[in-house]
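Peer 1: coords please:
(one chain, ligands or ions: 1)
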Amino acid sequence: MTTAEPLTQQTQQRLADRLKRVWADTHPELSPASIAQWERCTCRACGRSQLVDVLCLGDQPPANAFLSPGDTGRRETRFPLSVRLCENCGMLQLAHVVPPEMLFRAYSFFTSSSNRMGEHFSMLMGRFVEESVPSGGLVVEIGSNDGTALASLRHRRVRVLGIDPARNVSVMAASRGVPTITEFFSEPLAAEIARTAGPASLIVACNVLGHIDDLDDVCRGIQRLLDPTGTFVFEVPYLGDLIERAEFDTIYHEHLSYFAVRPLVALFQRHGLALTRVEHFPVHGGTIRGTVVRGETLTDSVRRRIECEERMQLAEPSTFARLDERMRQTRESLRSWLQMQRDAGLTVWGYGAPAKGTVLLNYCGIDTELLPAVVDSTPMKQGLRVPGTRQPIFPPGALTVQKAQRALILAWNHAAEITARECEFQTAGGRLFTPDLREWKHEPGGVEFFGDTPGGFRQSLDVDVY
Ligand code: JHZ
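Peer 2: Numbering: from 1, shown residues only. I've put the predicted structure just below:
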């Protein structure tokens, strides 16, 4: 498809019909009326119906729907992965919603799988508890996963409560001593928590706002639960980084929204909430952390950030036409590099089976011929296969045992941690590359990367505060 051109009526109808059929097959309990809601025609941030189609990554299986050995004979359910831009507020968002019950009840991503992420969240919690939570105050985390962030508060005199719909990760959180409600966050749930546990001094939501279709309901829930002087802190991958570094593999069905500051301000303002501070981190390829309080003030720093986004043309359809071109170039260069390795008799395995790895492999059409297997440290993923392209997933040690000569780091946001961990593989002659084809090496003084970065793709980021 050519980007920045609206889909034809006919194509839109075909996609919508297909999605409804999939919904009806997989969820017989849903009424036709509820199924019909799952194509998004109004903006999640401003509510207006000025959405234009700007990108299409084809039909893809859900990125975390790993296949068990018994599943390999069956056809996988694929959903359209198409992206729309709101011409009114600039919010980038997915057009189609895969049932959240399918995506989030059994979750294969664990926050604790990266030591660095554990440190990052523990620093976030420590700082905001000191800034905004009195002794005995309540800290609530939306999307608390395996409890890593809240568990870091165990020595502080505060009460903690996690909320996460995934049963398996909630059990892990409970085993860490983190009380967790195994549910989707919603306004009624927020009202119930406020009634039974009192208002929250701090509400935290990291890498979860993008997963939620009804952001108005989230904001209403925050209004219900937050203490009048409380703070809401969130982290989301930043759209500016997605575009600058062509991080298109972070586009998948779980991520319904791709946030810039301007649409976030519009969303919060409609609910009597004010985004007062934005910080920018290199985490997950570029993340913004927002601090939100009750009120309507637009601070100078946030206003400057919005001006900067205008200069970056984050809300221009032509920006996405350029991104589409870079996506195609990445597909070409990655495929020809893998073919060259194969022709030279070198075996390349994937390192990490993150959700973004599924997207990269499927979008680029990288099957087991080009990349026979991947390794991942998450026990729940080992023994399964990557959705769509079907590479088997082994524990990391298999890389050396099976004598792979190259590893393509699909979890490129953890490249430094992985390179430092894989000394044995490198000592045995193995070489590590990220999808931009830069080589990573563990040196005595730390990790270094080599090679040109065509088009400035995924370089490291500095931390800055607006
Ligand atoms: P990682 C996650 O996406 C999850 P994903 C989520 N959908 C989200 O919103 C975004 O982040 C922002 C493995 N690994 O973090 C573990 C090793 O094998 O990039 C994981 O399977 N060895 C909520 O799924 C994967 O890589 C290691 O040394 O793209 C990393 O997944 C390390 C550090 C990781 O998440």
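
Peer 1: only C-alpha atoms for contact and neighbour calcs from this point on.
Peer 2: OK.

Peer 1: state the distance from the residue of the stretch 1-150 of the chain found nearest the ligand to residue 376.
Peer 2: Closest approach between the stretch 1-150 of the chain and the ligand, counting by C-alpha to the nearest ligand atom: residue 114, at 4.1 Å. Separation of residue 114 from residue 376 (C-alpha to C-alpha, to the nearest Å): 11 Å.

Peer 1: so for these two, which residue has more residues nearby?
Peer 2: The neighbour comparison of residue 114 against residue 376 (other C-alpha atoms under 10 Å) goes to residue 376, with 22 against 14.

Peer 1: enumerate the residues of this structure near the ligand.
Peer 2: 109, 113-114, 207, 284, 352-356, 376-378, 411, 413-414, 417-418 (C-alpha under 6 Å from any ligand atom).

Peer 1: residue 440 touches residue 423, doesn't it?
Peer 2: No: Residue 440 lies out of contact with residue 423 (C-alpha atoms under 8 Å); the separation is 11.4 Å.

Peer 1: all helices of the stretch 51-200 of the chain, in order?
Peer 2: Along the stretch 51-200 of the chain, the segments classed as helices by DSSP state H, counting those that start in this stretch run 100-104, 115-132, 148-151, 167-175, 187-197.

Peer 1: hey, least reliable of these by pLDDT?
Peer 2: Among those, helix 100-104 carries the lowest mean pLDDT, a mean of 88.

Peer 1: quick one: contacts for the residue nearest to residue 254 when sequence neighbours are not counted?
Peer 2: In space, and not counting its chain neighbours, residue 254 is closest to residue 211: 5.4 Å by C-alpha to C-alpha, 6 or more residues apart in numbering. By C-alpha atoms under 8 Å, 6 or more residues apart in numbering, residue 211 lies in contact with 254-257.

Peer 1: neighbour-wise, which of those leads?
Peer 2: residue 257 (29 neighbours).

Peer 1: residue 440 pairs with what?
Peer 2: residue 432, residue 449 (DSSP bridges).

Peer 1: roughly how far apart are it and residue 433?
Peer 2: 6 Å.

Peer 1: what of residue 368?
Peer 2: 18 Å.

Peer 1: ok, residue 393 next?
Peer 2: 18 Å.

Peer 1: same question for residue 40.
Peer 2: Distance from residue 40 to residue 433, by C-alpha to C-alpha: 38 Å.

Peer 1: tell me which two in the contacts of residue 211 are the farthest apart.
Peer 2: 254 and 257 (9.0 Å; C-alpha to C-alpha).

Peer 1: which residues do these two both contact?
Peer 2: What both residue 254 and residue 257 touch, as defined by C-alpha under 8 Å, 6+ apart, is the set 210-211.

Peer 1: now render the contacts of residue 211 as CSV, adding distance to residue 293 and pLDDT.
Peer 2: Shown next, in CSV, are these (distance: C-alpha to C-alpha, whole Å; pLDDT from 0 to 100):
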residue, distance to residue 293, pLDDT
254, 27, 96
255, 25, 98
256, 24, 98
257, 22, 98
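
Peer 1: now, these that are in strands?
Peer 2: residue 257 (DSSP state E).

Peer 1: and for residue 104, nearest residue in space, chain neighbours not counted?
Peer 2: residue 166 (5.5 Å).

Peer 1: now swap in residue 434 and tell me
Peer 2: residue 409 (4.9 Å).

Peer 1: correct me, but that neighbour touches residue 433?
Peer 2: Yes: here residue 409 reaches residue 433: they are 5.9 Å apart, a contact under C-alpha under 8 Å.

Peer 1: more neighbours: which of the two?
Peer 2: residue 409 (28 against 23).

Peer 1: pLDDT value on that one, please?
Peer 2: 98.

Peer 1: ok, now residue 252?
Peer 2: 97.

Peer 1: share the number of residues neighbouring it, please.
Peer 2: Residue 252 - counted by other C-alpha under 10 Å - has 24 other residues nearby.

Peer 1: hang on, it in a helix?
Peer 2: No: counting by DSSP: H, G, I helix; E, B strand; the rest coil, residue 252 is not part of a helix but coil.

Peer 1: who touches stretch 300-313?
Peer 2: Outside stretch 300-313, the residues that reach it (C-alpha under 8 Å, 6+ apart) are 240, 260-262, 275-278, 319, 466.

Peer 1: doesn't residue 266 belong to a strand?
Peer 2: No: assessed with three-state DSSP, residue 266 is helix; it does not lie in a strand.

Peer 1: so what's it up against?
Peer 2: 45-46, 89.

Peer 1: and the residues you listed as TSV, adding pLDDT?
Peer 2: Formatted as TSV, the contacts of residue 266 follow (pLDDT from 0 to 100):
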residue	pLDDT
45	97
46	95
89	96
